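*Asks:* following is a predicted model, sequence given first.
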Amino acid sequence: MKQWLARAHRHLRKVQETSKLPMALGLAILFALIVTIVGVSIYSADGISRLDLSRPGYERERSEVASTPTQAAYDTTSPITRSAIDDFLREYDGRTKDLGQYGDFRDTVMDDANLQLSAN
Amino acid sequence: MSLDMKRCMRTVLALVTFAGILCVPLTAAAESMALPQAQVDVIRQNCTTAQQTLTELEKRDAVARINRGRAYDMMVQQISAFNSRLAYNKVSLPQMVQLASDLQSHIDHFRNLYTAYDSLLTSAIKMNCKDKPNDFYASVVQARDQRAAVGEEVAQLEHLSAQYRTEIVNYQNTLPVSTGGAAQ
């Protein structure tokens, strides 16, 4: 057994000395593969992939996504006045109006009749 | 009867009961999805077109989910900032803090419901509907129910945001017109 281990050790050392570059390349590829597998698993497991419109076939949908507005800096320390509330409501109502323009998942597209899945 | 025999019988009985419990919902589901032959034929005939419609719907809903998600986030941000301002001015309106918290939890729920809906829709789209029309229909029904749940959550969010607005307006009406300062 000891002899066998010693021989294997010698052989490994020989391989190590003669083929350092291929081994390094192999290890790098293995590492890249592991990182890629982990990344893709996270991407598909947590639902991010479902909202990724950069995929092929989503060209039209990409243009329908509202542009991200710049991060608003809100005043959190000034006194609250009637006009401050008016400002708040103006922005709030604008946002509510925007929301009214987006799909609300309450249409009847999935009804049997629309999908032509009913016998009648 | 020996002790080992009794133990063996008990194990078998437990396994049979467990299997029975598992089978009941499966059988019920299968029975509920028992479709008349005429409808199965219609499904088999039209399912490819239905899958194309569902694919288009999935894309459209993804856009709605992204736009809504962003708008909700910005709304919560605005509300949180305003609640902070109220707190800084020592105005105690716990119902508004509660509404902001409810909004956030409903937004999280909306996201989770959408993810579940999209998974069901994807499985209906990818299914071999010609070979398995019953399974395909069952998937469509499940996805439809889940989509309705997403729609209900949207309605709930609309209700909460409207309620927050009402509270703000009510508070505004308590402020003196001339000075316009915060009620301490």
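*Replies:* Sure, I can see it.
*Asks:* what about chain B, any weak spots by pLDDT?
*Replies:* Residue ranges of chain B with pLDDT under 70: B:1-33, B:178-184.
*Asks:* which phi and psi does the residue positioned nearest the centre of it have?
*Replies:* For chain B, the residue nearest the mean C-alpha position is B:L113 (3.0 Å; CA atoms, centre = their mean). With angles defined as degrees, to the nearest 10, B:L113 sits at phi -60, psi -40.
*Asks:* can you pull the contacts of it?
*Replies:* When contacts are counted by CB atoms under 8 Å, 6 or more residues apart in numbering or on different chains, B:L113 touches B:146, B:149-150, B:153. Every C-beta, even on glycine, is put in place using the N, C-alpha and C of the backbone.
*Asks:* which strands or helices does the worst-scoring helix or strand of chain A on mean pLDDT pack on?
*Replies:* None of the helices or strands of chain A scores lower by mean pLDDT, DSSP states H and E than helix A:2-18, at a mean of 81. If you count contacts as 3 or more CB pairs under 8 Å, 6 or more residues apart in numbering or on different chains; DSSP states H and E, helix A:2-18 packs onto no helix or strand.
*Asks:* can you give me how far that helix is from the chain middle?
*Replies:* Taking the mean C-alpha point of helix A:2-18 and that of its whole chain, the gap between them comes to 46 Å (CA atoms, centre = their mean, to the nearest Å).
*Asks:* please enumerate residues in contact with it?
*Replies:* With contact meaning CB under 8 Å, 6+ apart, helix A:2-18 is reached by A:M23.
*Asks:* before we move on, what about stretch B:48-59?
*Replies:* Identification of contacts with stretch B:48-59 by CB under 8 Å, 6+ apart yields A:57-58, A:60-61, A:109-110, A:114-117, B:43, B:118, B:121-122, B:124-125, B:129-130, B:140, B:143.
*Asks:* same thing but at 7 Å, please
*Replies:* Outside stretch B:48-59, the residues that touch it by CB atoms under 7 Å, 6 or more residues apart in numbering or on different chains are A:58, A:61, A:109, A:115-117, B:118, B:121, B:124-125, B:129.
*Asks:* residues contacting B:L86?
*Replies:* Neighbouring residues of B:L86 by CB under 7 Å, 6+ apart: A:80, B:93, B:96.
*Asks:* correction: the previous question concerned A:G47.
*Replies:* Each residue near A:G47 by CB under 7 Å, 6+ apart is listed here: B:T115.
*Asks:* before we move on, what about A:V65?
*Replies:* A:53, B:63, B:66-67.
*Asks:* torsion angles phi and psi at A:S19?
*Replies:* Torsion angles at A:S19 (phi, psi; degrees, to the nearest 10) stand at phi -130, psi 60.
*Asks:* tell me where the model's unsure across chain A.
*Replies:* A:16, A:71.
*Asks:* just want the most central residue of it.
*Replies:* With distances taken as CA atoms, centre = their mean, the residue of chain A nearest its centroid is A:I48 (3.4 Å).
*Asks:* that older thread, quick check: the residue nearest to the centre of chain B vs A:S54, distance?
*Replies:* From B:L113 over to A:S54 the distance is 24 Å, taken as CB to CB, to the nearest Å.
*Asks:* check B:Q142 too.
*Replies:* According to CB to CB, B:Q142 and A:S54 sit 28 Å apart.
*Asks:* the more surrounded of these two?
*Replies:* Legend: neighbour count by other CB atoms under 10 Å in any protein chain shown for B:Q142 and A:S54, higher for B:Q142 (17 against 7).
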